[in-house]
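Peer 1: Here you go, sequence then predicted model.
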Amino acid sequence: MDPIAPRRHGPVSIRLVKPRDARVLQQELLSNRAWLRPWEATSPDGPVSFDMRLGIRRLLQQYRDGGGIPFVMEYDGEVTGQLNVWGVARGSLASATIGYWVSQRYAGRDITPTAVAMATDICFTELRLHRMEICIRPENLASLRIVEKLGFRYEGLRRRYIHIDGDWRDHYAFALVREEVPEGVLQRWVQGRAPQDAASIPPADRSHA
């Protein structure tokens, strides 16, 4: 995969994770346990390692193999969390999924929606992907606000989809395809043209989640 240059909008930037980020990212993960635990992927096979050095090595190997892009999110140059593009599929599917976490003290500054918009634009332009997906637990109201802001389109309820916080959890699926945002996700949002109701969840899915 070709090198991905950093992107910035105002005080928010994303860049590829580096091995030297391991210490600060591990500190953030450990100091934000109560904030992050309800939304973190777990494994039905047992505890997941918090060895961030090993985790970064694996993410960078996936990047070299073309399977994902591991970003760090920053605010005024300070690391605030991670955003990972994963499950990159080429060929007739040409899609990927976005996942992220942000430290609690940086919440509410539009860091994550800005980062998601920039990462999606990178995937549509530089990687030439066609579809980007975000899957969110019904209880995760902060993440639901992100897809609402950016105009990701609701696609359906996925039952017991991902192992989160110790059990298989339902998720809502949202997506965008490249043709929907010819001007780019970030520009559409900044200019106030993201559709306000694209992420609306039907009452039937709300009641079954």
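Peer 2: Okay, I see it.

Peer 1: ranges for the strands of the protein?
Peer 2: When secondary structure is read from DSSP state E, the chain shows strands at 7-9, 12-16, 69-75, 78-89, 95-102, 131-136, 153-164, 167-177.

Peer 1: export the third one as CSV, just CAs?
Peer 2: To tie it back to what came earlier, the one meant is strand 69-75. Extracted C-alpha coordinates of strand 69-75, given in CSV (Å, rounded to 0.1, in the frame of the first residue of the first chain):
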residue,chain,number,x,y,z
ILE,A,69,-4.9,1.7,7.8
PRO,A,70,-4.0,2.4,11.5
PHE,A,71,-4.4,6.1,12.2
VAL,A,72,-3.7,8.1,15.3
MET,A,73,-6.1,11.0,16.0
GLU,A,74,-4.5,14.2,17.3
TYR,A,75,-5.8,17.5,18.6
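
Peer 1: Return the list of strands paired to that strand, each annotated with direction.
Peer 2: Partner strands and pairing direction for strand 69-75 (DSSP bridges) are strand 12-16 (antiparallel), strand 78-89 (antiparallel).

Peer 1: Which of the strands of the chain sits closest to Met52?
Peer 2: Relative to Met52, the nearest member of the strands of the chain by Cβ to Cβ is strand 78-89, separated by 9.8 Å. Yep, even glycine has a C-beta here, placed from its N, CA and C like the rest.

Peer 1: Could I get the average pLDDT for that closest one?
Peer 2: Taken as a whole, strand 78-89 carries a mean pLDDT of 97.
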